[in-house]
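Enquirer: 3D, please:
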Amino acid sequence: MTVVGLAVGRGTGAEIAAVFERVLGHLAEAHGVPVTVERSGRVYDSYVSLRGAGVERTAARTAEDAAHYERFCRELAARGATAVFRTAINAQSLYLVRRRLRAVKVDALGGPPDGSAPELLLVRDQAQGFYTGDNTHSPGRVVRTMEFSEEITGEVLDRALRRARTLWPEGGAEHVVMAYKFHLLDGALDDWVKRAADRHGVQIRLCQPDTVNRDLITHGLPPRTVIVAGNEWGDIMHVMLLDRFGGERQETRCTENVHLLPDVADLVEYQTVHGSADDLEGRDAVNPVAAIRAAAAVAEHHAGCPGAVAAVEAALAELSRRGVCTADLGGEGTTSQVVDTLLTALGPVPGSAPGSTPGSAPGAGRESVPVARESASAAVPAQGAGESPAGAVVAGA
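Expert: Alright, predicted model coming up:
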């Protein structure tokens, strides 16, 4: 049975998690495959939920969340799980984990919506740099330290080039560009990149971020380009690259984070690009499209549901033609209404088991996906109000 991890943050995390579970359960049942969704036993703070706690308490809760989520990921990987879906959590907690597990964000942009023939591969280095720093506080002052290393830089490039060969089997990447503020590192990054380029037998252009921006505006980027970027640039530019190459908004996008640390190298983390949207909590108003896409990606790439991504994209296109969307996209639909309409439009998934019929959510007039509960992890601290139930949703068993 496929085990998929689920980590839930505050804000609209519970609503986004429910969307993910419902869509994944629908797809798994349509294909007749058993999938267990195992939740972390902790609800992780968002930045907003920490407001007012004070610096000392905020730092302590941040460290606790980071330690717990790291342990949850390690436990999943040790058991052979290959996917975890996480809703938005406080950035400092998240980036402490990304540094420890050596994460990179992989985003294929342009081409068909199912990602089958992208124009650009963006690989964001989340394992080093400003985002991964530690904070030291004193009255009226905070010092943030960070680190770069040749080892991690080489691993990031290795993963980027390997992914490019998977995306473009006809020859891999034609152009490899690195966007880093390398002038600040006394020439060290220049040397590391040269040695990596020699090792792979490829040309790598190490550029200042503003140079990449100018090239993008003036010339565009040729097909089969890989940009490996410091997360400082990648985070800011992501919305612009989506507009330029994907024609999408961050609210509808999910992304994939892969880990370079050997112990967790087979565990892929999926996330919505949008944040915790605490102002929408409990209002049934958060845009569910990114979570829907994440569920489709997990179903197809980790749970044995071929055709799930294409089927979901076709259903989303049908919703778009009918104007079914939440208020942020100019519609009047609630989160639940969008998901209800999508599952109706989805119908049987191509490649599903003969005679199988997709399930539906409780209250939709049909029998719900079976649910079994089990402990997700040991020694979980109490969460109080809003605690996440540890358990599993089993579909297609």
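
Enquirer: how about the strands of the stretch 201-350 of the chain, start to end?
Expert: 204-207, 225-230, 254-259, 268-272 (DSSP state E, counting those that start in this stretch).

Enquirer: the first one pairs with which strands?
Expert: Each strand pairing with strand 204-207, determined using DSSP bridges, is listed with its direction: strand 175-179 (parallel).

Enquirer: and the strand it pairs with with strand 225-230, angle?
Expert: 20 degrees (axes from the mean of the first three to the mean of the last three C-alpha atoms, to 10 degrees).

Enquirer: and the next helix or strand after strand 175-179, what does it pack against?
Expert: Toward the C-terminal end, the helix or strand that comes next after strand 175-179 (DSSP states H and E) is helix 188-200. Helices and strands touching helix 188-200, by 3 or more C-beta pairs under 8 Å, 6 or more residues apart in numbering; DSSP states H and E, are helix 150-167, strand 204-207. C-beta: built from backbone N, CA, C; applies to glycine.

Enquirer: what's the longest strand in this structure?
Expert: strand 35-44 (DSSP state E).

Enquirer: and it, C-alpha only, in CSV?
Expert: Extracted in CSV, the C-alpha atoms of strand 35-44 (Å, rounded to 0.1, in the frame of the first residue of the first chain):
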residue,chain,number,x,y,z
VAL,A,35,-3.4,4.8,-0.7
THR,A,36,-2.9,5.7,3.0
VAL,A,37,-2.6,9.4,3.9
GLU,A,38,-0.7,9.6,7.2
ARG,A,39,-0.9,13.0,9.0
SER,A,40,1.8,14.4,11.2
GLY,A,41,0.5,14.6,14.7
ARG,A,42,1.3,18.3,15.0
VAL,A,43,-0.3,21.4,13.6
TYR,A,44,2.5,23.7,12.6
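
Enquirer: pLDDT of it, averaged?
Expert: Per-residue pLDDT values over strand 35-44 give a mean of 97.

Enquirer: between strand 35-44 and the helix or strand following that strand, find me the angle.
Expert: Using DSSP H and E, the helix or strand that follows strand 35-44 towards the C-terminus is helix 55-78. Relative orientation of helix 55-78 versus strand 35-44 (the same axes, to 10 degrees): 160 degrees.

Enquirer: dump helix 55-78 to PDB, restricted to CA.
Expert: This file holds the C-alpha atoms of helix 55-78, laid out as PDB (Å, rounded to 0.1, in the frame of the first residue of the first chain):
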ATOM      1  CA  VAL A  55      10.600  37.000  20.000                       C
ATOM      2  CA  GLU A  56      11.800  34.500  22.600                       C
ATOM      3  CA  ARG A  57       8.600  32.400  22.400                       C
ATOM      4  CA  THR A  58       8.400  32.700  18.600                       C
ATOM      5  CA  ALA A  59      12.000  31.400  18.200                       C
ATOM      6  CA  ALA A  60      11.200  28.500  20.600                       C
ATOM      7  CA  ARG A  61       8.100  27.400  18.800                       C
ATOM      8  CA  THR A  62       9.800  27.800  15.400                       C
ATOM      9  CA  ALA A  63      12.600  25.500  16.600                       C
ATOM     10  CA  GLU A  64      10.000  23.000  17.900                       C
ATOM     11  CA  ASP A  65       8.100  23.000  14.600                       C
ATOM     12  CA  ALA A  66      11.300  22.500  12.600                       C
ATOM     13  CA  ALA A  67      12.400  19.600  14.700                       C
ATOM     14  CA  HIS A  68       9.000  17.900  14.600                       C
ATOM     15  CA  TYR A  69       8.600  18.300  10.800                       C
ATOM     16  CA  GLU A  70      12.100  17.100  10.100                       C
ATOM     17  CA  ARG A  71      11.500  14.000  12.300                       C
ATOM     18  CA  PHE A  72       8.200  13.400  10.500                       C
ATOM     19  CA  CYS A  73       9.900  13.500   7.100                       C
ATOM     20  CA  ARG A  74      12.700  11.200   8.200                       C
ATOM     21  CA  GLU A  75      10.300   8.700   9.600                       C
ATOM     22  CA  LEU A  76       8.300   8.700   6.400                       C
ATOM     23  CA  ALA A  77      11.400   8.100   4.300                       C
ATOM     24  CA  ALA A  78      12.600   5.400   6.700                       C
END
